[in-house]
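> what's the 3D shape of this:
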Amino acid sequence: MKTALATAAAIRAGETTALAECEAAIARIEAGDGDINAVVVRDFDRALEQAHAVDVRVAAGDTAGALLGVPMTVKESFDVAGLVSCWGFAEHADFVASEDAVAVQRLKRAGAVILGKTNVPVALADIQTNNPVYGRTRNPINPDRVPGGSSGGAAAALAAGFVPIEIGSDIGGSIRTPAAFCGVWGHKPTYNALLSFGHNFPRTEGCGVALNVIGPLARDADDLEALFDVMGGDTLARPAPRGPGEWRILLLPEHPLAPAQASIKAAITATGAAFAAAGATVDHASDLLPDLTLQYMNYVRMLLTAMARGAPPEGGSPMALPDWFSLIDAQAKCRRDWGRLFHHYDAVIAPVWGTTAYPHDDTPLAERLLQMDGAMTPAGAQLAYPGLATFPMLPATSVRIGTDADGLPIGVQVIADYNHDWTAIAVARAAHDLMRS
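Here you go, the predicted model:
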């Protein structure tokens, strides 16, 4: 399968057509998705019409659009006019969106052809992808393992080679973890860098919740950049080009509250060594790091409140407004603390999650246990890793840097300063290239 940019270039040059590329993608999905169950809302007839319209435009001499004729899917939680947006809730399985999300509008303006939508866990609230409406999505690399969540269907569609690009959302690692588990690229943007209108809880008018962002996923780094650009990343400043030896890197292979798999820690250490060998400044510790224990506690409080839309826990009381404002104050301080660190470093490299893709397990996340290097560890504590970037609203790029003993991808996150999304992507590209060479 060609990359998104190669597909658009071939259509622009007359070497293929949007219709042919659309038909090929549909054939890949129909042949391979039976066991994976990634593309759960299919809109093939309208996609073929979209592709034909692109070809008519090209024949008339109009070849504009970075994603000209590129077939792709989008996460089920994004509104697409005429398609269901139920977020895995059985009670919302009949809700059909009346207009496209802003992100989908941008994709279509760039020439993309939307084939359908990919699977999510209920309420986008798990690190695996299973729900009563669409069923379970499996990891194409090993179907016995989860593809991650909540953008699990998106990452699985990419890893299976159905489409070259996808869009997802992230509040608790929901772009970064699926990308890591499936061995593809994913970027969690700076909070509010991209408009999320149309990525709403079913039958609401909101545009997401506190902490939540939307962002790109891709099989290829160039495609990731192009997709982020189309989604609105073009408004953010890009760093001057640098070689791998010109970056300042801080390694954070393990969180003080959450263990990490030995192979992940070793891969991060090896990545640091590769940067150092290229001439980069690489540190293994820094007194400038914020209080990560306090950050995690505040993050979980804000995350649970946001995901519940302010509803109190069973048998408990809702968070009082002064307590919410205190959390926002703590978040602002945390962001400033990270900002001081980024005066001395360009990026921090840390796990996205403490394990590689784990076996399917429908135990509630708060009670779920993970096997890690022969011991059992609570899954919920692993939210400390995505929280590193989410609570201070920082950008983070998920990138594959290795493979574990079970043949599963080892993905990590490259965290950069607020609004320095292109730096996170650039350092992630350097890490990927260094570990592949």
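
> Quick check: buried residues in the longest helix seen in the chain?
Among the segments of the chain that qualify as a helix by DSSP state H, the longest is helix 321-341. Within helix 321-341, the residues that qualify as buried are 324, 327, 330-331, 333-335, 338, 341, counting by 16 or more other C-beta atoms under 10 Å. C-betas here are computed from N, CA, C, even on glycine.

> Residues contacting it, please?
250, 286, 288-291, 294-295, 298, 301-302, 305, 348, 391-394, 417-418 (C-beta atoms under 8 Å, 6 or more residues apart in numbering).

> quick one on the thing from earlier: how about the buried residues of helix 321-341 in a markdown table, adding distance to Q371?
Below are those laid out as a markdown table (distance: C-beta to C-beta, whole Å):
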| residue | distance to Q371 |
| --- | --- |
| W324 | 37 |
| L327 | 33 |
| A330 | 34 |
| Q331 | 33 |
| K333 | 36 |
| C334 | 32 |
| R335 | 35 |
| W338 | 32 |
| L341 | 33 |
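
> Mind giving me the packing neighbours of whichever strand or helix holds F275?
Using DSSP states H and E, F275 sits within helix 262-277. With contacts defined as 3 or more C-beta pairs under 8 Å, 6 or more residues apart in numbering; DSSP states H and E, the packing partners of helix 262-277 are strand 248-251, strand 281-283, strand 347-351, strand 396-403, strand 409-415, helix 421-436.

> Could you say which of the ones you listed is packed most deeply?
For the helices and strands packed on helix 262-277, the largest average neighbour count (mean count of other C-beta atoms under 10 Å) is found in strand 409-415, namely a mean of 29.

> what are the pairing partners of it, and which direction each?
strand 347-351 (antiparallel), strand 396-403 (antiparallel) (DSSP bridges).

> Run the chain-centre distance for that strand.
Centroid displacement of strand 409-415 relative to its chain, using C-alpha atoms, centre = their mean, to the nearest Å, is 11 Å.

> Next, the angle from it to helix 262-277.
Angle between the axes of strand 409-415 and helix 262-277 is 60 degrees (criterion: axes from the mean of the first three to the mean of the last three C-alpha atoms, to 10 degrees).

> now strand 409-415 against helix 321-341, angle please.
Using the same axes, to 10 degrees: strand 409-415 against helix 321-341 is 90 degrees.

> what is the rounded mean pLDDT of strand 409-415?
Strand 409-415 comes out with an average pLDDT of 98.

> Would you mark the buried spots in the helix holding F275?
Quick answer for helix 262-277 (16+ other C-beta under 10 Å): 263-265, 267-268, 271-272, 274-275.

> about what we covered before: for the longest helix of the chain, output the C-alpha coordinates as PDB.
In PDB, the C-alpha atoms belonging to helix 321-341 read as follows (Å, rounded to 0.1, in the frame of the first residue of the first chain):
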ATOM      1  CA  LEU A 321     -16.400  24.300  42.200                       C
ATOM      2  CA  PRO A 322     -13.600  25.700  44.400                       C
ATOM      3  CA  ASP A 323     -11.900  22.300  44.200                       C
ATOM      4  CA  TRP A 324     -12.200  22.300  40.400                       C
ATOM      5  CA  PHE A 325     -10.600  25.800  40.300                       C
ATOM      6  CA  SER A 326      -7.800  24.500  42.600                       C
ATOM      7  CA  LEU A 327      -7.200  21.700  40.100                       C
ATOM      8  CA  ILE A 328      -6.900  24.200  37.300                       C
ATOM      9  CA  ASP A 329      -4.400  26.200  39.300                       C
ATOM     10  CA  ALA A 330      -2.400  23.100  39.900                       C
ATOM     11  CA  GLN A 331      -2.500  22.400  36.200                       C
ATOM     12  CA  ALA A 332      -1.200  25.800  35.400                       C
ATOM     13  CA  LYS A 333       1.700  25.500  37.900                       C
ATOM     14  CA  CYS A 334       2.500  22.100  36.400                       C
ATOM     15  CA  ARG A 335       2.600  23.500  32.900                       C
ATOM     16  CA  ARG A 336       5.000  26.300  34.100                       C
ATOM     17  CA  ASP A 337       7.200  23.700  35.800                       C
ATOM     18  CA  TRP A 338       7.500  21.700  32.600                       C
ATOM     19  CA  GLY A 339       8.200  25.000  30.800                       C
ATOM     20  CA  ARG A 340      11.200  25.600  33.000                       C
ATOM     21  CA  LEU A 341      12.500  22.100  32.200                       C
END
